[in-house]
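Enquirer: this is the structure alone, sequence omitted:
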């Protein structure tokens, strides 16, 4: 339909294949966004930008061949105007400042859950809608445009849980080669077995993990959790 707004084309740049697949799946689940490509190095990212139309880059800042900030600099030097959402596990505010100075529009800490990325992509989509044309007449209108990039939605996790710990538990379950127990999740996340089980059960309820049993000896089977890779809805 001619009146429909075009999809926002996203290039996912992430050196870890499992995380890259997860990020691409997340992007594809947000209305109005499509995955333009998935690459694992800075070199491939710049090649893709030169060959395919891209509106937004979901950029891992810790690539093996070139730091993320240098990728953004190379993009701008090459005339690529795609916006950038920086993805990193580094909590260095100096890097945040440098990223902002290069025009990075959002900054997401790894590991993250779908709800966190969705919130930021929706905010970015609203921002694009506002800057798509026309002009502003007042300072208030201009402030509103920039405020779009600051999501203000409610927390996507139940009361008493945190996004950061849920993201850590999600990453442990997702990246494990075999199903893991609550005790193993707790050891990896630095929390108690009881806390780990609560978060793992939340993943099961959300359809992002499945529950199983591990049999060892004659005692009761141990409950385990495995990532539900086929899940495609929130």
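Expert: Perfect, I can see it now. Small disclaimer: the values here were computed from a predicted structure and weren't measured.
Enquirer: what's the first helix or strand after the worst-scoring helix or strand of the chain on mean pLDDT?
Expert: Ranked by mean pLDDT, DSSP states H and E, the helix or strand of the chain with the weakest confidence is helix 139-147, at a mean of 57. Downstream of helix 139-147, the next assigned helix or strand under DSSP states H and E is helix 163-175.
Enquirer: quick one: mean pLDDT over that following helix.
Expert: Confidence for helix 163-175, expressed as mean pLDDT, is 87.
Enquirer: now that helix: buried residues?
Expert: 163, 165, 166, 167, 168, 169, 170, 171, 172, 173, 174 (16 or more other CB atoms under 10 Å). Bear in mind the C-beta positions are built from the backbone N, C-alpha and C, glycine included.
Enquirer: would CSV of those residues with distance to residue 68 be doable?
Expert: Putting these into CSV (distance: CB to CB, whole Å) gives the following:
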residue, distance to residue 68
163, 22
165, 25
166, 24
167, 19
168, 21
169, 25
170, 22
171, 19
172, 24
173, 26
174, 22
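Enquirer: residues in contact with residue 85?
Expert: Contacts for residue 85 (CB atoms under 8 Å, 6 or more residues apart in numbering) come out as 56, 57, 58, 59, 104, 105, 106, 107, 108, 120, 121, 124.
Enquirer: should've said residue 125
Expert: 8, 32, 33.
Enquirer: mind giving me the packing neighbours of the host helix or strand of residue 98?
Expert: For residue 98, the host element (DSSP H and E) is helix 93-101. Helices and strands touching helix 93-101, by 3 or more CB pairs under 8 Å, 6 or more residues apart in numbering; DSSP states H and E, are helix 68-77, strand 83-88, strand 106-109.
Enquirer: deepest-packed of the ones you listed, please.
Expert: Of the helices and strands packed on helix 93-101, the one with the most neighbours on average (mean count of other CB atoms under 10 Å) is strand 83-88, at a mean of 22.
Enquirer: show me what that strand pairs with in its sheet, parallel or antiparallel.
Expert: strand 56-60 (parallel), strand 106-109 (parallel) (DSSP bridges).
Enquirer: contact partners of the last one?
Expert: What it means is strand 106-109. For strand 106-109, the surrounding residues in contact (CB under 8 Å, 6+ apart) are 85-89, 91, 96, 99-100, 116-117, 120, 123-124, 149, 164.
Enquirer: among the contacts of residue 125, the buried ones, what's the ChimeraX command?
Expert: Those of those that count as buried under 16+ other CB under 10 Å are selected in ChimeraX with:
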select :8,33
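Enquirer: quick one: residue 209 from residue 117, how far?
Expert: The gap separating residue 209 from residue 117 is 18 Å, by CB to CB, to the nearest Å.
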